[in-house]
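>>> pasting the sequence and the predicted model now:
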Amino acid sequence: MEKQRCGWANPANPLYLEYHDTEWGVPCHDERRLFEMLNLEGAQAGLSWETILNKRENYRQAFDQWDATRIAAYGPEKVAELLANPGIVRNRLKVAAAITNAQAYLRLLESGGSLDQLLWSYVDGKPLVNQQGIYPAKTALSDRLSKDLSKLGFKFVGSTIVYAYMQGIGMVNDHAPDCFCRKARK
């Protein structure tokens with residue numbers, strides 16, 4: 001018998017199924033992955049998540065495995081290289097945002113904080129489980145987190161992007177009521 005999944009999980013794309021089954025909605029506390037996902041969600045703005053997911057390995061290679069220290073130091077030559085890379089979304093604002101986000105992230109670390117501490121403090125360390133069948137594009141919580149990330153200097157962190165980020169890193173469990181993942185992550 002086939003596993004019941006969320007309707008958005010494209011069964012024709014093994015990467016998408018793997019992401020749905022093992023990552024989306026799973027609480028993440030790994031700093032590098034939190035930084036990666038923040039940037040990938042920003043890169044996704046105006047595109048489908050599947051497009052970004054299909055390019056994820058290219059992003060990892062292009063952005064030095066999401067090493068924030070290296071990214072924060074990117075100069076014009078590296079930016080030109082990234083904008084010429086067909087394996088990522090070649091958008092100048094999104095590339096610049098990744099560099100700015102690395103700088104903001106490093107400032108956060110230097111202040112004694114971390115993305116893990118910051119993000120999970122908004123939900124008291126426990127994932128929110130939304131009412132069954134209600135899947136907002138943004139919430140009052142994502143509005144607040146978006147504003148706070150912006151104040152820290154992060155870019156491409158509008159409320160809708162932040163809500164998708166919260167779902168992706170497991171701060172919110174929005175799996176469909178009949179999805180096997182929702183039941184597994186209660």
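It's in.

>>> and after the longest helix seen in the chain, which helix or strand comes next?
Determined from DSSP state H, the single longest helix within the chain is helix 92-110. Moving toward the C-terminus from helix 92-110, the next helix or strand (DSSP states H and E) is helix 115-121.

>>> grab the most central residue of the chain for me.
Closest to where the C-alpha atoms of the chain average out (CA atoms, centre = their mean) is Met37, at 2.9 Å.

>>> ok, back up a step: now for the longest helix of the chain, which elements pack on it?
If contacts are counted by 3 or more CB pairs under 8 Å, 6 or more residues apart in numbering; DSSP states H and E, helix 92-110 sits against helix 31-44, helix 68-72, helix 76-83, helix 115-121. Backbone N, C-alpha and C define where each C-beta goes, glycine included.

>>> report the buried residues of that helix.
Buried positions in helix 92-110, judged by neighbour count with 16 or more other CB atoms under 10 Å: 94-95, 97-105, 108.

>>> let me know the closest of those to Asp124.
Nearest to Asp124 out of the buried residues of helix 92-110 is Leu108 (CB to CB; 19.8 Å).

>>> for Arg56, give me its contacts.
Taking CB atoms under 8 Å, 6 or more residues apart in numbering as the criterion, Arg56 is in contact with 15, 40.

>>> excluding chain neighbours, give the residue nearest to Ala68 in space.
Excluding its sequence neighbours, the residue lying closest to Ala68 (CB to CB, 6 or more residues apart in numbering) is Ala102, at 4.2 Å.

>>> please apply the same query to Cys179.
Excluding the flanking residues, the one nearest Cys179 by CB to CB, 6+ apart is Cys6, at 4.9 Å.

>>> please consider this matter closed, and thank you.
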